[in-house]
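A.B. asks: model the structure of this input:
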Amino acid sequence: MSIVSVDGVPVRTITNVGAQGPAGAPGDNSTLTHVVRNSTGTLIPAGVLVETTGGTGPVARVAVANPAVSTGVAGWTLEAIANNATGLVLTSGTATGLNTNAFSGGDPIWLGPSGTLVNTLPTSGFVIRVGKVAAVHPSVGSVIMALPSFPELAEGMQYDPTASGLAATNVQDALDELEARPRLAGAE
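C.D. replies: Okay, here's the model as predicted:
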């Protein structure tokens, strides 16, 4: 495991979670996590999707994601995060120890109400696909998380530039504006 820190504050861990596979194309055997801060005034439970709400130094502040208003997902909470405390979120890799019995293997997974995972395409709000079911089980199921950088809108929904903090008035201009912004070192 390697820990990346900024001014002594750990902000990212990369953990090798698998052994070398059979001969052939290499696979991704790593999980990427980030340290985040909860300043919502309430506990954020383990096992929910969260969005960023700002930052405190090198640590992002998060809140439970909601498809009605969330324009992105920052990660999946790996632990409960008390108010005014830090915790880990999974930003890439496999979320394990889940109840995936309601799903089928290979189902696409989207952000649902209150940061939950749903396998039906949302019909309102922002459509944010977050991964795919890898294993079905009532307690040790798993989902491969692949968080998007920009959500889609459900059919019939209109882009609301006031909710994004961007000057753009349509989705393409918003994408162009985001692409033009400077990126953090190491961010892809």
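A.B. asks: ranges for the helices of this protein?
C.D. replies: Secondary structure of the chain (DSSP state H): helices at 161-164, 171-180.
A.B. asks: which of these comes out lowest on mean pLDDT?
C.D. replies: For the helices of the chain, mean pLDDT drops lowest on helix 161-164, to a mean of 48.
A.B. asks: please save the CA atoms from the longest strand anywhere in the chain in PDB.
C.D. replies: Ranked by residue count under DSSP state E, the longest strand found in the chain is strand 85-98. Extracted C-alpha coordinates of strand 85-98, given in PDB (Å, rounded to 0.1, in the frame of the first residue of the first chain):
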ATOM      1  CA  ALA A  85     -14.400  13.900  11.100                       C
ATOM      2  CA  THR A  86     -12.500  12.300   8.200                       C
ATOM      3  CA  GLY A  87     -13.000   9.000   6.500                       C
ATOM      4  CA  LEU A  88     -12.200   6.900   3.400                       C
ATOM      5  CA  VAL A  89     -14.100   6.800   0.200                       C
ATOM      6  CA  LEU A  90     -13.500   4.400  -2.700                       C
ATOM      7  CA  THR A  91     -13.100   6.300  -5.900                       C
ATOM      8  CA  SER A  92     -12.000   3.400  -8.200                       C
ATOM      9  CA  GLY A  93     -12.000  -0.300  -7.700                       C
ATOM     10  CA  THR A  94     -14.300  -2.900  -6.200                       C
ATOM     11  CA  ALA A  95     -16.700  -2.300  -3.400                       C
ATOM     12  CA  THR A  96     -17.100  -5.500  -1.500                       C
ATOM     13  CA  GLY A  97     -19.200  -6.900   1.400                       C
ATOM     14  CA  LEU A  98     -22.400  -5.700  -0.200                       C
END
